[in-house]
Every structure is written in structure tokens, then in C-alpha cells.
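Chemist: whatever this is, show me its structure:
(one chain, ligands or ions: 2)
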Amino acid sequence: MVDKKLGGAGLRGQSAGETALSTVGKSGSGLTYRGYDIKDLAANTRFEEVAYLILYGELPTQAQLDDYRLKLKGLRGLPQALKDVLERIPADAHPMDVMRTGCSMLGNLEMENDFSEQSDITDRLLAAFPSIICYWYRFSHDGVRIETETDDQEIGAHFLHLLHGKKPSQLHADVMSSSLILYAEHEFNASTFTARVCASTLSDMHSCVTGAIGSLRGPLHGGANEAAMELIQDMKDPVDAKTTLKGMLDRKEKIMGFGHAIYRESDPRNAIIKEWSAKLADEFGDSRLYDVSVACEELMWDEKKLFCNADFFHASAYHYMGIPTKLFTPIFVCSRVTGWAAHVMEQRANNRIIRPSADYVGEEPREVMPIAERG
Ligand SMILES: CC(=O)SCCNC(=O)CCNC(=O)[C@H](O)C(C)(C)COP(=O)(O)OP(=O)(O)OC[C@H]1O[C@@H](n2cnc3c(N)ncnc32)[C@H](O)[C@@H]1OP(=O)(O)O
Ligand SMILES: O=C([O-])CC(=O)C(=O)O
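Modeler: Numbers count the residues shown, from 1 in each chain. Ligands and ions are numbered 1, 2, ... in the order given. Next up, the predicted model:
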């Protein structure tokens, strides 16, 4: 393992609390959810099993999984007042702002009155987020008021069904399930920490998740998958990809989808989504996006020893499935709500308000001058 000096800006390397939910980078590149390795989970479970694990502590039995999926299926409908709000959001709005507003509006309509409701509120958000984003997208872009209650067993397949108006292929359902597993939980990342800070004031679940959505929106965090797509979409071939990136590095530009605050050698989620991207490229019959992505990965490692994070190969994978770029980060929300909510519950179970101190670097004490004497 390559040790990185952790400290200084961005609270890097400082423990900000305890969690039993996940470990990140423990052996340089590892990721576990409640003790299970991400590779094991991605190979042997579906997303609803992982959501259940994160939220309820253990992997479900078949009977528990059946009940859980049935419950989530029953929570996909949106109240008319929420649909009315979504219909008023313009087509050129940022879809992450739609998610933020959708979550906040649901908080007005289905308030968390007591923390005993936290699991039901979370399941509702998990079930409703694909409906919220697809209802807005299809209405604002296609003028269609979609029925958000499908009979799909799985959240990923349900999302693709709402978006495209037809059931997805098995391959696409598999990729979505795997992708949602990869994005579900990641310790004290910026958006999760936002949720925990909000939770520490004893605020409600909708406020915690709404704040987290705002933090995930930025290109240094969840927004990187969209930025990566914008980077690769015009690259003609691997040679063009390497020339473009070399120029960007020479100009000291940041390359979205590379690097990580905690991992030092690799992001274990990358190998998994990269493999799906290769399969999708095969099915699509045009591997340009996959090939230029591989060229970017090689160049970044050779030049800067920087590796792809979870976001980079998500760009080509989502694109191959016909998902518009601006919906990439909202999908992240549809998954990460599990991690956020589990952290909110963990914070509530052993709470002290999060309130660090600051090192003051401002003016020395001074007196207020009468306004006529200032300037
Ligand atoms: C799911 C997720 O949220 S994963 C993260 C998604 N975000 C991105 O992909 C955005 C691009 N990446 C980045 O901005 C950063 O790598 C972050 C925000 C993820 C981590 O930031 P930090 O912990 O500050 O990075 P780190 O300390 O490892 O940076 C070391 C050096 O590499 C550079 N570097 C890091 N990432 C990149 C990059 N993607 N492109 C170019 N240079 C980079 C830094 O500028 C820094 O250079 P310096 O020492 O000359 O200042
Ligand atoms: O952990 C981080 O800083 C960012 C990240 O990869 C995630 O939230 O999935």
C-alpha cells in the first residue's frame, strides 16, 4: 500500500466519528459494506439485497427480500401535489435540483413526525426517487405524464422502464443493479457527512437527504460522472484521447473521474463498472467510448499515477444504455439514499451535535467607526 500524507485542508485524515456501515481504502483499495467485500456483493447479490443490508444490518433471506421488494413496489406512486410541482420545473433545470426539490416537497407532504418513522420514510424515498426524476424528465422533455408504478421487481429496471417506456433487457437490468450496488455507501464522503451534520441537530430525514443531494451535485463529488461523459464524448479514438488529456494535464486542468480523497492505488468499484462497460460496448456494436476511456485510464496512470474512480467508466456504461448525461448523477442519488439514511440513523442512535472549531485568521479586535467616518 502506498501511504499518502493525510492531514491539513479538507479535514483529510481526521476521524470525524465512528461507523459500522462501511470501510473505505483499508488495504489501499478495499471497500466493504457491513463486512462484505464490494466484489462479493456485486457478483452475488442484487441492489435491493444490498439496500436491505445497509439499512437493516443483515442480508435478507429470500422471504425478507420478497417482502421488501413488494413494499418498495407499493411506494412508487407520487402524490398529485408533488407531480404538480415537478410539472412546473423547466426542462433546462439541473436534474439534481429536481431531485433536491422533489425530496424537499415530499418532506412537506409526508413529514417525518417521529424518528420511529425513519425506516419507512427511507423506504419511501428509495422507492420514489426514480419516479420523481423520470416523471419530471418525461413531462418536461416529451410532454408525457407517465404512470410511475411499474411491476418491475428491481429499482434499476424500474428506472430504465420509466425512462424509456419499455422494460429493459436482462443485460441492462444487470448493469443497473450492479451500478446501484457500487454507489450505495461510502463512509464519510462529502454528501454523507452533510447528512450526518444535519442529523446531528435532530433534524428530519428529508432535510438530511435534501442537504446531501446538494453536496453530491458538485463535479468534485457525484457530478464527476457527467463531467467525465462530457470529456470523452467528442474523443475520436485512443490517440485523440491521449493527446487531449495530455494537453489538459499540461494546462494543469483537473480530469473528472480520476483520483480519490481516500484510495491510493485504485478504486475497487472501477474494475466492476469497467467490465460492464466493455460488455455494453460489445452489445452496442461500437466500442469508441469504451476504447477512449481505456486510453484515458492508461495516460492518467502513466503521466500522473492517477486512477479512475467509480465515476469514470459509469459515463460510457450509462451512455450505452441510452441514459441522457444529465440523469447520471440523479441515478447516484437513487442508490446513495441508502447510505445517507443509514448514516442518519447511526448518528441519531448515538448523537452529539457536530460542531467543530475553527482557527481564526481574521482581523485583530477593533472598534466600529461611525458611518460618516468610514472609507
Ligand atoms: C464518487 C466520487 O465522488 S469519486 C470523486 C469524484 N470526483 C472527481 O472525479 C473529480 C476529480 N478528482 C478530484 O478533484 C480529486 O482527485 C478529489 C476531489 C476526488 C480528491 O481530492 P484530493 O484528496 O484533494 O486529491 P489528492 O490530494 O490525491 O491530489 C493530489 C494531487 O493530484 C492532483 N489531482 C487529483 N485528482 C486529479 C485529477 N482528477 N486531475 C488532475 N489532477 C488531479 C491534485 O490537484 C493534487 O495536485 P497538487 O499536489 O499539485 O495540488
Ligand atoms: O468517498 C468519497 O470521498 C467519494 C466517493 O467515492 C463516494 O462518495 O462514493
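Chemist: kindly report the residues of this protein close to ligand 2.
Modeler: Val24, His186, Asn189, Ala261, Ile262, Asn309, Ala310 (Cβ under 6 Å from any ligand atom). Any C-beta I mention is one placed from the backbone N, CA and C, and that applies to glycine too.
Chemist: surely Trp136 and Arg88 touch.
Modeler: No: using Cβ atoms under 8 Å, Trp136 is not in contact with Arg88, being 9.7 Å away.
Chemist: more neighbours, these two?
Modeler: Trp136 (27 against 12; other Cβ atoms under 10 Å).
Chemist: helix or strand for that one, just tell me which one.
Modeler: helix 118-142 (DSSP states H and E).
Chemist: what's in contact with the helix or strand following that helix?
Modeler: Heading C-terminal from helix 118-142, the first helix or strand you meet, by DSSP H and E, is helix 155-164. Outside helix 155-164, the residues within contact range by Cβ atoms under 8 Å, 6 or more residues apart in numbering are 47-48, 51, 72, 76, 126-127, 130-131, 134-135, 137-138, 146, 148, 150, 152, 167-168, 172-173, 175-177, 179-180, 321-323, 327, 331, 334.
Chemist: just the buried members of those?
Modeler: 47-48, 51, 72, 76, 126-127, 130-131, 134-135, 137-138, 146, 148, 150, 152, 168, 172-173, 175-177, 179-180, 321, 323, 327, 331, 334 (16 or more other Cβ atoms under 10 Å).
Chemist: what does the stretch 101-250 of the chain put close to ligand 1?
Modeler: Leu220, His221, Gly222, Ala224.
Chemist: can you do 5 Å?
Modeler: By the rule Cβ under 5 Å from any ligand atom, the part of the stretch 101-250 of the chain lying against ligand 1 is Leu220, His221, Ala224.
Chemist: burial check on the first one, number of neighbours?
Modeler: Counted with other Cβ under 10 Å, the neighbours of Leu220 add up to 13.
Chemist: not counting its neighbours along the chain, what's nearest it?
Modeler: Closest residue to Leu220 apart from its sequence neighbours, by Cβ to Cβ, 6 or more residues apart in numbering: Ala190 at 7.8 Å.
Chemist: what about the residue most central in space within the chain, helix or strand, and which?
Modeler: Nearest to the mean C-alpha position of the chain, counting by Cα atoms, centre = their mean, stands Phe332 at 2.9 Å. Assigned by DSSP H and E, Phe332 falls within helix 328-349.
Chemist: what angle sits between that helix and helix 155-164?
Modeler: Per axes from the mean of the first three to the mean of the last three Cα atoms, to 10 degrees, the angle that helix 328-349 makes with helix 155-164 is 140 degrees.
Chemist: coming back round to it: give me the distance between the residue nearest to Leu220 and Val24.
Modeler: Between Ala190 and Val24 the computed distance is 13 Å (Cβ to Cβ, to the nearest Å).
Chemist: so these two - more neighbours on which side?
Modeler: Val24 (21 against 16).
Chemist: any idea how far Val144 is from that one?
Modeler: Taking Cβ to Cβ, one finds Val24 at 40 Å from Val144.
Chemist: before we move on, the earlier item: so how far is the helix holding Trp136 off the chain centroid?
Modeler: Computed by Cα atoms, centre = their mean, to the nearest Å, the chain-centroid distance of helix 118-142 equals 15 Å.
Chemist: next, the angle helix 328-349 makes with it.
Modeler: Going by the same axes, to 10 degrees, helix 118-142 makes 160 degrees with helix 328-349.
Chemist: helices or strands up against helix 118-142?
Modeler: Using 3 or more Cβ pairs under 8 Å, 6 or more residues apart in numbering; DSSP states H and E, the elements in contact with helix 118-142 are helix 47-56, helix 62-73, helix 80-87, helix 95-109, helix 155-164, helix 205-216, helix 328-349.
Chemist: give me that answer again for 6 Å
Modeler: helix 80-87, helix 155-164, helix 328-349 (3 or more Cβ pairs under 6 Å, 6 or more residues apart in numbering; DSSP states H and E).
Chemist: counting contacts, what elements does the last one pack onto?
Modeler: Taking 3+ Cβ pairs under 6 Å, 6+ apart as contact, the helices and strands that helix 328-349 lies on are helix 47-56, helix 95-109, helix 118-142, helix 170-183, helix 190-200, helix 205-216, helix 224-232.
Chemist: go on, the first one?
Modeler: The contact analysis (3+ Cβ pairs under 6 Å, 6+ apart) places helix 80-87 against helix 95-109, helix 118-142.
Chemist: how far away is Ala372 from ligand 1?
Modeler: 47 Å (Cβ to the nearest ligand atom, to the nearest Å).
Chemist: how many neighbours does that residue have?
Modeler: 6.
Chemist: what helix or strand is the closest residue to Glu303 other than its chain neighbours on?
Modeler: Of all residues not flanking Glu303 in the chain, Leu249 sits nearest, at 5.8 Å (Cβ to Cβ, 6+ apart). Element membership for Leu249, per DSSP H and E: helix 238-250.
Chemist: quick one: mean pLDDT over that helix.
Modeler: Mean pLDDT, helix 238-250: 98.
Chemist: could you check the pLDDT of Gly8?
Modeler: 70.
Chemist: Asp359 versus that one, what's the distance?
Modeler: Gly8 is 12 Å from Asp359, by Cβ to Cβ.
Chemist: check Ile121 too.
Modeler: Look at Ile121 and Asp359: by Cβ to Cβ, they are 38 Å apart.
Chemist: looking at those two, which one has more neighbours?
Modeler: Using other Cβ under 10 Å, the more surrounded residue of Ile121 and Asp359 is Ile121, with 22 against 4.
Chemist: closest point of the stretch 251-375 of the chain to ligand 1, which residue?
Modeler: Proximity to ligand 1, evaluated over the stretch 251-375 of the chain using Cβ to the nearest ligand atom, is greatest for Gly259 at 2.4 Å.
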